[in-house]
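>>> have a look; sequence and predicted model below, questions after that.
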Amino acid sequence: MKNDKKSTKQQDIINMFDDIAPTYDKANRLLSLGIDVSWRKEACKEAFLALESRHVDIADVACGTGDMLVHWQESANLHNIEINSIAGFDPSSGMLEVAKKKIPSMKSSLYIASATNLPLKDNSVDIVSIAYGLRNVVDRKEALKEFYRVLKPNGVVVILEFTSQKKFNLLTYPMHLYTKYALPIIGGLISKNFKAYKYLPDSIDSFITKEGLSEELLASGLESVFVKSYSGISALVIAKKI
């Protein structure tokens, strides 16, 4: 019964993203004011530094409309890294349809797949990334085990996520208010799906802290080597397979 509830909840989330996919990029750029772009770029740069390899295979999980796939390719060119293979995985067909239009060259490398069941061989990729998608995975611990499985020895998992906060200050509290109250209204107006954009801030509140995430990663055999907070609401965690 418990697994049935998890499956139903996960499918509801997938259906929600299918519904908002056509307006997702527009809403995301407006709501984030584009600030997430610099966070994604730093995530790529720090991952390459942690990996210490010039030739990489990359799997971007919960790839959505493909933003992170674009950043991986641009960052690799900037840092003289050769990408042997790169693929995006997402359970939402609606989001992947947008990604196919945005990056036509990636059409054959985009797959409908969940974070807990990736169509990849054991020890097959150097980098697993998931940007703002982990809190939408109902069985998070199973996903982390799956990341461990597909990573090569010394490979890295790169997680960008809106994490829960233990406490707020004068700098972080305004961002918290914006996310909790303004985001649902603006996102709802753009997408015509107010329920979806009410879910997003709620999912942040119910998510774990970056410290808790590092603990879960370690329990899955992945040791955090880089942790950084952004604007008091977003965090970058890079962990290496040990």
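Arrived safely. Keep in mind that this is a model prediction, so the values were computed, not measured.
>>> tell me which other helices or strands the strand ranked longest in the chain touches.
Longest among the strand segments of the chain by residue count, using DSSP state E, is strand 151-162. Packing partners of strand 151-162 (3 or more CB pairs under 8 Å, 6 or more residues apart in numbering; DSSP states H and E): helix 36-51, strand 125-131, helix 140-150, helix 210-219, strand 222-230, strand 234-241. (Glycine included, C-beta is placed from N, CA and C.)
>>> again, only this time at 7 Å
Here strand 151-162 touches helix 36-51, strand 125-131, strand 234-241, going by 3 or more CB pairs under 7 Å, 6 or more residues apart in numbering; DSSP states H and E.
>>> and among these, the most buried is which?
Greatest average neighbour count among those goes to strand 125-131 (a mean of 26), per mean count of other CB atoms under 10 Å.
>>> hey, C-alpha coordinates of it in CSV?
Backbone C-alpha positions of strand 125-131 (Å, rounded to 0.1, in the frame of the first residue of the first chain) are rendered in CSV as follows:
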residue,chain,number,x,y,z
VAL,A,125,29.2,7.8,-16.3
ASP,A,126,31.5,10.3,-14.8
ILE,A,127,28.9,12.8,-13.8
VAL,A,128,25.3,12.6,-12.7
SER,A,129,23.6,15.9,-12.4
ILE,A,130,20.1,16.9,-11.2
ALA,A,131,19.2,20.6,-11.1
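>>> please state the offset of that strand from the chain centre?
Put simply, strand 125-131 sits 9 Å off its chain's centre (CA atoms, centre = their mean, to the nearest Å).
>>> one more: stretch 118-134?
What separates the centre of stretch 118-134 from the centre of its chain is 11 Å, taken as CA atoms, centre = their mean.
>>> I'd like the average pLDDT over that stretch.
Stretch 118-134 shows a mean pLDDT of 97.
>>> helix or strand right after the lowest-mean-pLDDT helix or strand in the chain?
Least confident helix or strand of the chain, by mean pLDDT, DSSP states H and E, is helix 172-177 with a mean of 67. Downstream of helix 172-177, the next assigned helix or strand under DSSP states H and E is helix 183-191.
>>> show residues contacting that next one.
With CB atoms under 7 Å, 6 or more residues apart in numbering as the test, helix 183-191 has contacts from 20, 23, 26, 27, 30, 31, 194, 197, 198, 200, 201.
>>> quick one, what contacts residue 142?
By CB under 7 Å, 6+ apart, the contact list for residue 142 reads residue 116.
>>> and stretch 217-227, what's buried?
Residues 217, 220, 221, 222, 224, 225, 226 are the ones in stretch 217-227 that count as buried (16 or more other CB atoms under 10 Å).
>>> check stretch 88-103 too.
Residues 88, 89, 90, 91, 92, 94, 95, 96, 98, 99, 100, 103 are the ones in stretch 88-103 that count as buried (16+ other CB under 10 Å).
>>> next up, the contacts around the residue nearest to the last one when sequence neighbours are not counted.
In space, and not counting its chain neighbours, residue 103 is closest to residue 66: 5.0 Å by CB to CB, 6 or more residues apart in numbering. Counting by CB under 7 Å, 6+ apart, residue 66 touches 88, 99, 102, 103, 106.
>>> just to revisit the earlier point, farthest pair within the buried residues of stretch 88-103?
Taking CB to CB, the two most distant members of the buried residues of stretch 88-103 are 91 and 103; they sit 18.6 Å apart.
>>> may I ask you to name the longest helix in this structure?
The single longest helix within the chain, with elements called by DSSP state H, is helix 2-32.
>>> show me what that one is packed up against.
Contacts defined by 3+ CB pairs under 7 Å, 6+ apart place helix 2-32 against helix 93-102, helix 183-191, helix 194-205.
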